[in-house]
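J.: following is a predicted model, sequence given first.
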Amino acid sequence: MADIKNFEKDLGKLEALVEELESGELSLDEALKKFEQGVKLTRSCQQALSEAELRVKQLVEENGEIELQDLSDAADDE
């Protein structure tokens, strides 16, 4: 299972890459390399999120059935 610290680290790197790309100061070659790094980091983050989602589903499983709640509904009740 992906480590949350690795997720946070990868997400930070991804945010830094986006800022670099948005700056417009990179050559085309540098921008393409940064973009490729960003794609790899995005996939890593997506994998970590998928694993976390699976873990949450397993934790809320009750009587062999998954009971999912819409958090926006719970917030409306308060």
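T.: Structure received. Numbers count the residues shown, from 1 in each chain.

J.: switch to C-alpha atoms for all contacts and neighbour counts from now on
T.: Will do.

J.: and the strands in the protein?
T.: 61-62, 65-66 (DSSP state E).

J.: could you tell me the least trusted of those?
T.: In terms of mean pLDDT, the lowest-scoring of the strands of the chain is strand 65-66 (a mean of 66).

J.: centre of the chain to stretch 7-27, how far?
T.: Distance, stretch centre to chain centre, for stretch 7-27: 14 Å (C-alpha atoms, centre = their mean, to the nearest Å).

J.: low-scoring stretches of this structure, by residue?
T.: For the chain, the stretches flagged by pLDDT under 70 are 1-2, 62-69, 71-78.

J.: which stretches of the protein form helices?
T.: 4-23, 28-59, 71-77 (DSSP state H).

J.: TSV for those, including mean neighbour count?
T.: Output for the helices of the chain, formatted as TSV (neighbours: other C-alpha atoms under 10 Å):
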stretch	mean neighbour count
helix 4-23	14
helix 28-59	14
helix 71-77	8
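
J.: how about the contacts made by the residue most central in space within the chain?
T.: Taking C-alpha atoms, centre = their mean, the centroid of the chain lies closest to residue 45, which sits 4.0 Å from it. Going by C-alpha atoms under 8 Å, 6 or more residues apart in numbering, residue 45 touches 7, 10, 11.
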